[in-house]
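Student: Structure for this input, please:
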Amino acid sequence: MTEGITEAVARVPGVLQQDRIRVRRSGNKLFVELRLVLESNIALEHAQSVVHAVGTAVRARYPNADVVVDATPRAPSSSDLVERMRSVAHTGNFQIHNVTAFRVGGRVSATLDLEIDPALSLATAHEQATRLERTILQDVPEVHHVNVHIEPLETRVASATEVPRAQTAVERTLRKIVRTTPGVLDCHAVEVRQVDDHMVVAVHCLVQSGLSVAQVHELTERLELQMRERFPEIHTINIHPEPQ
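Tutor: Numbering: from 1, shown residues only. Have a look, this model is predicted:
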(Lines give C-alpha, C1' and ligand atoms only; values in the text may rest on other atoms or scores of the structure.)
Protein backbone atom coordinates (compact mmCIF):
# COMPACT_ATOMS: atom_id res chain seq x y z
CA MET A 1 0.00 0.00 0.00
CA THR A 2 2.81 2.40 0.86
CA GLU A 3 4.38 1.71 -2.54
CA GLY A 4 1.11 2.60 -4.26
CA ILE A 5 0.90 5.89 -2.38
CA THR A 6 4.53 6.67 -3.16
CA GLU A 7 3.92 6.02 -6.84
CA ALA A 8 0.80 8.19 -6.92
CA VAL A 9 2.53 11.10 -5.17
CA ALA A 10 5.63 10.86 -7.37
CA ARG A 11 3.48 11.57 -10.44
CA VAL A 12 2.29 14.91 -9.07
CA PRO A 13 4.21 17.83 -10.68
CA GLY A 14 5.91 20.01 -8.10
CA VAL A 15 6.76 17.28 -5.59
CA LEU A 16 10.54 17.08 -5.30
CA GLN A 17 10.89 14.58 -2.50
CA GLN A 18 8.82 12.40 -0.18
CA ASP A 19 10.39 12.63 3.28
CA ARG A 20 7.87 10.60 5.23
CA ILE A 21 4.82 8.41 4.66
CA ARG A 22 2.69 7.07 7.47
CA VAL A 23 -0.30 4.87 6.82
CA ARG A 24 -2.73 3.31 9.29
CA ARG A 25 -6.19 1.79 9.15
CA SER A 26 -9.12 2.37 11.45
CA GLY A 27 -12.18 0.38 10.48
CA ASN A 28 -12.79 0.97 6.78
CA LYS A 29 -10.90 4.26 6.84
CA LEU A 30 -7.31 4.72 5.67
CA PHE A 31 -5.30 7.52 7.27
CA VAL A 32 -2.31 8.80 5.31
CA GLU A 33 0.23 11.33 6.59
CA LEU A 34 2.80 12.71 4.14
CA ARG A 35 5.74 15.04 4.50
CA LEU A 36 6.79 16.41 1.13
CA VAL A 37 9.49 18.74 -0.13
CA LEU A 38 8.50 21.37 -2.70
CA GLU A 39 10.49 24.01 -4.55
CA SER A 40 11.66 26.95 -2.47
CA ASN A 41 10.35 30.46 -3.12
CA ILE A 42 7.08 29.43 -4.70
CA ALA A 43 3.80 31.20 -4.00
CA LEU A 44 1.69 29.85 -1.15
CA GLU A 45 -1.19 29.43 -3.60
CA HIS A 46 0.93 27.19 -5.81
CA ALA A 47 2.09 25.14 -2.84
CA GLN A 48 -1.54 24.67 -1.83
CA SER A 49 -2.42 23.53 -5.34
CA VAL A 50 0.35 20.91 -5.23
CA VAL A 51 -0.87 19.68 -1.84
CA HIS A 52 -4.42 19.49 -3.18
CA ALA A 53 -3.23 17.53 -6.22
CA VAL A 54 -1.37 15.09 -3.96
CA GLY A 55 -4.50 14.46 -1.92
CA THR A 56 -6.53 13.95 -5.08
CA ALA A 57 -3.97 11.51 -6.49
CA VAL A 58 -3.93 9.40 -3.34
CA ARG A 59 -7.73 9.34 -3.05
CA ALA A 60 -8.04 8.36 -6.70
CA ARG A 61 -6.19 5.15 -5.83
CA TYR A 62 -7.61 4.74 -2.31
CA PRO A 63 -11.06 6.40 -2.20
CA ASN A 64 -11.45 5.84 1.56
CA ALA A 65 -8.19 7.65 2.39
CA ASP A 66 -8.01 10.64 4.72
CA VAL A 67 -4.88 12.48 3.55
CA VAL A 68 -2.87 14.99 5.58
CA VAL A 69 0.07 16.65 3.84
CA ASP A 70 2.88 18.62 5.48
CA ALA A 71 4.79 20.52 2.78
CA THR A 72 8.16 22.15 3.35
CA PRO A 73 10.32 24.15 0.93
CA ARG A 74 13.59 22.76 -0.36
CA ALA A 75 16.57 24.57 1.11
CA PRO A 76 18.27 26.64 -1.62
CA SER A 77 21.68 25.52 -2.76
CA SER A 78 24.48 27.16 -0.76
CA SER A 79 25.99 28.40 -4.04
CA ASP A 80 22.76 30.07 -5.21
CA LEU A 81 22.99 33.47 -3.52
CA VAL A 82 20.00 34.96 -5.34
CA GLU A 83 17.74 32.07 -4.36
CA ARG A 84 18.95 32.29 -0.77
CA MET A 85 18.18 36.02 -0.65
CA ARG A 86 14.70 35.36 -2.02
CA SER A 87 14.20 32.70 0.64
CA VAL A 88 15.26 35.09 3.40
CA ALA A 89 12.84 37.74 2.14
CA HIS A 90 9.92 35.33 1.80
CA THR A 91 10.56 33.88 5.24
CA GLY A 92 10.27 37.41 6.63
CA ASN A 93 7.10 38.04 4.59
CA PHE A 94 8.74 40.65 2.38
CA GLN A 95 7.43 40.98 -1.17
CA ILE A 96 10.39 41.45 -3.49
CA HIS A 97 11.31 41.23 -7.16
CA ASN A 98 14.16 42.15 -9.53
CA VAL A 99 16.80 40.52 -7.33
CA THR A 100 20.25 40.98 -8.87
CA ALA A 101 23.68 40.06 -7.52
CA PHE A 102 27.06 41.00 -8.95
CA ARG A 103 30.66 40.50 -7.91
CA VAL A 104 33.15 43.36 -7.95
CA GLY A 105 36.70 42.85 -6.73
CA GLY A 106 35.78 39.70 -4.86
CA ARG A 107 32.86 41.33 -3.04
CA VAL A 108 29.21 40.55 -3.79
CA SER A 109 26.63 43.33 -3.91
CA ALA A 110 22.92 42.90 -4.46
CA THR A 111 19.99 45.05 -5.49
CA LEU A 112 16.29 44.30 -5.19
CA ASP A 113 12.88 45.95 -5.29
CA LEU A 114 10.74 45.81 -2.15
CA GLU A 115 6.98 46.33 -2.45
CA ILE A 116 5.54 48.29 0.46
CA ASP A 117 2.04 49.40 1.48
CA PRO A 118 1.69 52.77 -0.31
CA ALA A 119 -0.09 54.31 2.71
CA LEU A 120 2.95 53.88 4.96
CA SER A 121 5.24 56.78 5.73
CA LEU A 122 8.70 56.75 4.21
CA ALA A 123 10.18 56.40 7.69
CA THR A 124 8.23 53.20 8.35
CA ALA A 125 8.97 51.84 4.87
CA HIS A 126 12.66 52.60 5.35
CA GLU A 127 12.65 50.69 8.64
CA GLN A 128 11.27 47.64 6.83
CA ALA A 129 13.85 47.95 4.06
CA THR A 130 16.65 48.27 6.61
CA ARG A 131 15.41 45.20 8.49
CA LEU A 132 15.41 43.21 5.24
CA GLU A 133 18.95 44.38 4.38
CA ARG A 134 20.26 43.37 7.80
CA THR A 135 18.59 39.98 7.66
CA ILE A 136 20.05 39.22 4.24
CA LEU A 137 23.54 40.27 5.33
CA GLN A 138 23.23 38.08 8.42
CA ASP A 139 21.76 34.99 6.74
CA VAL A 140 23.69 35.25 3.46
CA PRO A 141 27.13 36.40 4.68
CA GLU A 142 28.67 36.02 1.22
CA VAL A 143 26.76 39.19 0.30
CA HIS A 144 28.57 42.32 1.46
CA HIS A 145 26.10 45.03 0.47
CA VAL A 146 22.38 45.21 -0.31
CA ASN A 147 20.60 48.15 -1.92
CA VAL A 148 16.81 48.08 -1.59
CA HIS A 149 14.56 50.10 -3.89
CA ILE A 150 11.20 50.81 -2.27
CA GLU A 151 8.11 50.58 -4.45
CA PRO A 152 4.41 51.01 -3.60
CA LEU A 153 2.50 47.74 -3.59
CA GLU A 154 -0.25 48.35 -6.13
CA THR A 155 -3.62 47.02 -5.02
CA ARG A 156 -6.14 49.38 -6.59
CA VAL A 157 -7.69 49.19 -10.05
CA ALA A 158 -6.95 52.56 -11.59
CA SER A 159 -9.21 54.42 -14.01
CA ALA A 160 -7.77 54.84 -17.50
CA THR A 161 -8.71 56.67 -20.68
CA GLU A 162 -7.76 55.98 -24.28
CA VAL A 163 -5.48 58.44 -26.06
CA PRO A 164 -5.90 57.76 -29.82
CA ARG A 165 -3.45 60.41 -31.00
CA ALA A 166 -0.70 59.10 -28.75
CA GLN A 167 -1.49 55.51 -29.75
CA THR A 168 -1.09 56.36 -33.44
CA ALA A 169 2.28 57.98 -32.74
CA VAL A 170 3.43 55.01 -30.62
CA GLU A 171 2.40 52.48 -33.28
CA ARG A 172 4.20 54.43 -36.00
CA THR A 173 7.37 54.68 -33.92
CA LEU A 174 7.29 51.00 -33.02
CA ARG A 175 7.17 50.02 -36.68
CA LYS A 176 10.31 52.08 -37.32
CA ILE A 177 12.13 50.59 -34.34
CA VAL A 178 11.24 47.03 -35.35
CA ARG A 179 12.77 47.53 -38.80
CA THR A 180 16.14 48.33 -37.20
CA THR A 181 16.07 45.78 -34.37
CA PRO A 182 17.34 42.31 -35.36
CA GLY A 183 15.39 39.54 -33.71
CA VAL A 184 12.13 41.48 -33.42
CA LEU A 185 9.81 40.64 -36.31
CA ASP A 186 6.64 42.56 -35.49
CA CYS A 187 4.84 44.53 -32.78
CA HIS A 188 1.06 44.49 -32.55
CA ALA A 189 -1.90 44.71 -30.15
CA VAL A 190 -0.65 48.12 -29.02
CA GLU A 191 -2.62 49.77 -26.22
CA VAL A 192 -1.91 53.28 -24.98
CA ARG A 193 -3.78 54.50 -21.92
CA GLN A 194 -3.70 57.56 -19.71
CA VAL A 195 -3.71 56.47 -16.07
CA ASP A 196 -3.88 59.39 -13.65
CA ASP A 197 -1.10 61.66 -14.92
CA HIS A 198 0.87 58.87 -16.57
CA MET A 199 0.96 57.20 -19.97
CA VAL A 200 0.91 53.41 -19.88
CA VAL A 201 1.75 51.32 -22.95
CA ALA A 202 1.16 47.61 -23.52
CA VAL A 203 2.29 45.80 -26.65
CA HIS A 204 2.85 42.29 -28.01
CA CYS A 205 6.06 41.66 -29.98
CA LEU A 206 6.83 38.70 -32.22
CA VAL A 207 10.47 37.59 -31.96
CA GLN A 208 12.46 35.10 -33.97
CA SER A 209 12.38 31.49 -32.88
CA GLY A 210 15.19 29.81 -31.00
CA LEU A 211 16.02 32.68 -28.66
CA SER A 212 16.42 32.12 -24.93
CA VAL A 213 14.44 34.02 -22.31
CA ALA A 214 17.58 36.02 -21.48
CA GLN A 215 18.08 37.02 -25.12
CA VAL A 216 14.44 37.99 -25.53
CA HIS A 217 14.57 40.04 -22.34
CA GLU A 218 17.53 41.98 -23.75
CA LEU A 219 15.53 42.68 -26.90
CA THR A 220 12.50 43.93 -25.00
CA GLU A 221 14.72 46.07 -22.76
CA ARG A 222 16.22 47.62 -25.89
CA LEU A 223 12.76 48.30 -27.29
CA GLU A 224 11.63 49.86 -24.02
CA LEU A 225 14.69 52.12 -23.87
CA GLN A 226 14.15 53.39 -27.41
CA MET A 227 10.46 54.01 -26.74
CA ARG A 228 11.23 55.98 -23.59
CA GLU A 229 13.77 58.09 -25.48
CA ARG A 230 11.11 59.03 -28.03
CA PHE A 231 8.24 59.33 -25.55
CA PRO A 232 9.52 60.65 -22.18
CA GLU A 233 5.93 60.85 -20.96
CA ILE A 234 5.67 57.05 -20.86
CA HIS A 235 5.47 55.92 -17.24
CA THR A 236 5.12 52.18 -17.80
CA ILE A 237 5.65 50.04 -20.88
CA ASN A 238 4.77 46.35 -20.77
CA ILE A 239 6.11 44.24 -23.65
CA HIS A 240 4.75 40.73 -24.10
CA PRO A 241 7.11 38.64 -26.27
CA GLU A 242 5.71 35.91 -28.51
CA PRO A 243 7.73 33.21 -30.32
CA GLN A 244 7.68 33.06 -34.11
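Student: Let me see the ranges of the strands in this protein.
Tutor: Counting by DSSP state E, one finds strands in the chain at the ranges 15-26, 29-38, 65-73, 95-104, 107-116, 143-152, 160-162, 184-195, 198-207, 234-243.
Student: quick one: the residue located most distally from the centre of the chain and residue 21, what's the gap?
Tutor: Here the centre of the chain is the reference, and by Cα atoms, centre = their mean the most remote residue is residue 27, at 45.5 Å. According to Cβ to Cβ, to the nearest Å, residue 27 stands 21 Å off from residue 21. Every residue, glycine included, has its C-beta placed from N, CA and C.
Student: one step back: return the residues in contact with the residue farthest from the centre of the chain.
Tutor: For residue 27, the contact set (Cβ atoms under 8 Å, 6 or more residues apart in numbering) is empty.
Student: Next, it: phi, psi?
Tutor: Backbone torsions of residue 27, given as degrees, to the nearest 10, read phi 70, psi -130.
Student: which residues sit in contact with residue 34?
Tutor: With Cβ under 8 Å, 6+ apart, residue 34 has these contacts: 5, 9, 18, 20-22, 54, 58, 67-70.
Student: same thing with residue 136?
Tutor: Neighbours of residue 136 in contact, by Cβ under 8 Å, 6+ apart: 85, 88-89, 110, 143, 146.
Student: how near is it to residue 127?
Tutor: In terms of Cβ to Cβ, residue 136 sits 15 Å off from residue 127.
Student: returning to that earlier point: what would the strands of the chain look like in a markdown table with distance to residue 132 and mean pLDDT?
Tutor: A markdown table is the format used below for these (distance: least, Cβ to Cβ, whole Å; pLDDT from 0 to 100):
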| stretch | distance to residue 132 | mean pLDDT |
| --- | --- | --- |
| strand 15-26 | 27 | 93 |
| strand 29-38 | 24 | 95 |
| strand 65-73 | 19 | 95 |
| strand 95-104 | 8 | 95 |
| strand 107-116 | 6 | 97 |
| strand 143-152 | 6 | 96 |
| strand 160-162 | 32 | 93 |
| strand 184-195 | 29 | 95 |
| strand 198-207 | 28 | 95 |
| strand 234-243 | 25 | 95 |
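Student: Dump the ones you listed to CSV, plus distance to residue 79.
Tutor: Output for these, formatted as CSV (distance: least, Cβ to Cβ, whole Å):
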stretch, distance to residue 79
strand 15-26, 18
strand 29-38, 19
strand 65-73, 17
strand 95-104, 12
strand 107-116, 12
strand 143-152, 13
strand 160-162, 44
strand 184-195, 35
strand 198-207, 32
strand 234-243, 30
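Student: Ignoring the adjacent residues along the chain, who's closest to the residue nearest the centre of the chain?
Tutor: The chain has residue 97 as the residue nearest its centroid, 7.0 Å off, counting by Cα atoms, centre = their mean. Leaving aside its sequence neighbours, residue 97 sits nearest to residue 113 (Cβ to Cβ, 6 or more residues apart in numbering; 5.2 Å).
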